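This is the structure alone, sequence omitted:
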């Protein structure tokens, strides 16, 4: 029930389930629909969000129906950490690209159009390359040149947004990790890809024959990665469980700080089962040194909350929330 509570709050942001659940899986067995009602203070006034999930999502903001639930984006800013987010470090680059793209979309709504434009052209180019490889269509260098021109322009813009975000995120995450680790080792985050359209166009042309043999586009922002180093070594290969968890948590808390600067109000921070595999120093920082934010933390160990200096404690039993 603890994670369900955080998931309900997260859905009010307009985002999808952070557990990867499909909308129909959020409806209780035997029920026709599910709903979430949130009352919050934002933009200097009290507001309400209602989200109903049936065949599709229906959302209301302050009693006014929205055309899509995604239009809630930015109205109720929040940042979520769950154990699944450890994949940011443990797994391949796809999850790291997803993280930075989602963060950029919340902070810079224009990025949604840029990323959509890139993805659309990429899909079209991949279809053409696949058709050429299978023999369904003859190779047309001119047509490929046209796709490469469009892809290089939108791809350079995607990289520009990502680089700017990482440049803002990195020093914040580094500072937060330093507090979490008590100065024992340093965190470094980097995104080194060029955001020059001519350079990307040249790379696409150089890789064309490789693409035709592979049947898809092998270079571009959709193949990029974010470098995450802890103590001078790759966090994915050499970081301990505690270091990896602290690294992801630092990214998430830095994301929250950037959101607060972008929206001029603090996002809600949702931390699901964050205390596992953290030592007392890191736990104390999370419980007592995240000033200025409203934070929801779930945990399974009752002893954890004994270190809490201020705040409220709730227990969830049989789907019911009770204040201690």
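Arrived safely, thanks for sending. Small disclaimer: the values here were computed from a predicted structure and weren't measured.

okay, now residue 66: neighbour count?
Residues lying near residue 66 (other C-beta atoms under 10 Å) number 17. Where C-beta positions appear, they are placed from N, C-alpha and C, glycine not excepted.

Give me the next element, helix or strand, following the one helix or strand residue 8 maps to.
Per DSSP states H and E, residue 8 falls inside helix 2-11. Sequence-wise, the next helix or strand downstream of helix 2-11 (DSSP H and E) is strand 34-42.

other SSEs contacting that following strand?
helix 2-11, strand 45-53 (3 or more C-beta pairs under 8 Å, 6 or more residues apart in numbering; DSSP states H and E).

Run the chain-centre distance for stretch 234-247.
Stretch 234-247 sits 18 Å away from the centroid of its parent chain (C-alpha atoms, centre = their mean, to the nearest Å).

what comes into contact with that stretch?
Outside stretch 234-247, the residues that touch it by C-beta atoms under 8 Å, 6 or more residues apart in numbering are 86, 89-90, 177, 180-181, 185, 187, 227-231, 233, 274, 276-279, 282.

Please spell out the ChimeraX selection for the buried subset of those.
A single ChimeraX command selects the buried members of the contacts of stretch 234-247 (16 or more other C-beta atoms under 10 Å):
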select :86,89,177,180,181,185,187,228,229,230,274,278,282
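
May I have the secondary structure class of residue 290?
Taking DSSP: H, G, I helix; E, B strand; the rest coil as the rule, one finds residue 290 in the coil state.

Could you verify my assumption that it touches residue 252?
No: if you go by C-beta atoms under 8 Å, residue 290 and residue 252 don't touch, sitting 11.2 Å apart.

Between these two, which has more neighbouring residues?
Between residue 290 and residue 252, counted using other C-beta under 10 Å, residue 252 has the larger neighbour count: 23 against 16.

My read is that the more buried one contacts residue 85, right?
Yes: contact criterion C-beta under 8 Å: residue 252 and residue 85 qualify, at 7.1 Å.

what's the pLDDT at residue 20?
Looking at residue 20, its pLDDT reads 66.

buried stuff in stretch 299-308?
So stretch 299-308, judged by 16+ other C-beta under 10 Å, has buried residues 299, 304.

all numbers from here: first residue = 770
Understood, numbering begins at 770; the last thing we discussed is stretch 1068-1077.

What lies in contact with it?
Against stretch 1068-1077 from outside (C-beta under 8 Å, 6+ apart): 1042, 1043, 1044, 1049, 1052, 1053, 1056, 1057, 1082.

circling back: give me the subset of the contacts of stretch 1003-1016 lying in helices.
The members of the contacts of stretch 1003-1016 that map onto helices under DSSP state H are 858, 859, 946, 949, 1051.

Quick one: closest of the helices and strands packed on strand 803-811 to residue 961.
Among those, the nearest to residue 961 by C-beta to C-beta is helix 771-780 (31.5 Å).
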